[in-house]
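Colleague: Sequence plus predicted model, see below.
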Amino acid sequence: HVQLVESGGGSVQAGGSLRLSCAASKDTDTYNCMAWFRQAPGKEREGVAAILSGRTRYADSVKGRFTISQDNAGNTVYLQMNSLKPEDSAMYYCAADYLPRFYSDFWADFDYWGRGTQVTVS
């Protein structure tokens, strides 16, 4: 069982930046991919960014503005969010799982989730 704890959310004005962190339990045999998702009220949850063995994937809506990174131990993942827009407002969730590689529908295959951290852009 993997435990994930997010931090770093908050309120910011449009154009500003926030950095989210997610600390994972050290069950590194259980996961090799970490990701950030978000869900706004009335909308479906969407994958935002993912990192797997140093490779990254981003939703089109955040490319060039968000950067996902990971510490050397692989237990903490970060999401640097720049040039924030009001439409980025959502609850942001950290997720983890063991994936063989990035494939077409990998966003749907995460089993471990944090409780989320709220991001509000005004």
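Modeller: Nice, I can see it. Residues are numbered from 1 along each chain as shown.

Colleague: Let me know the pLDDT of the residue nearest to R55 when sequence neighbours are not counted.
Modeller: Spatial nearest neighbour of R55, excluding adjacent residues (C-beta to C-beta, 6 or more residues apart in numbering): F102 at 6.7 Å. C-betas here are computed from N, CA, C, even on glycine. For F102, the pLDDT comes out at 93.

Colleague: I'd like the numbering to begin with 408 instead of 1 from here.
Modeller: Taking 408 as the first residue, the last one we looked at is F509.

Colleague: F509: neighbouring residues, count only.
Modeller: Neighbours of F509 under the rule other C-beta atoms under 10 Å: 15.

Colleague: can I assume it sits in a strand?
Modeller: No. Using DSSP: H, G, I helix; E, B strand; the rest coil, the assignment for F509 is coil, not a strand.

Colleague: The residue nearest in space to the middle of the chain: helix or strand, and which one exactly?
Modeller: With distances taken as C-alpha atoms, centre = their mean, the residue of the chain nearest its centroid is W443 (1.5 Å). Secondary structure from DSSP states H and E places W443 in strand 440-446.

Colleague: Likewise for G422?
Modeller: Using DSSP H and E, G422 maps to neither a helix nor a strand.

Colleague: That one and F509, how far apart?
Modeller: When distance is defined by C-beta to C-beta, to the nearest Å, G422 is 31 Å away from F509.

Colleague: Check M441 too.
Modeller: In terms of C-beta to C-beta, M441 sits 13 Å off from F509.

Colleague: what is in contact with those two at once?
Modeller: Listed as contacting both M441 and F509 by C-beta atoms under 8 Å, 6 or more residues apart in numbering are A457.
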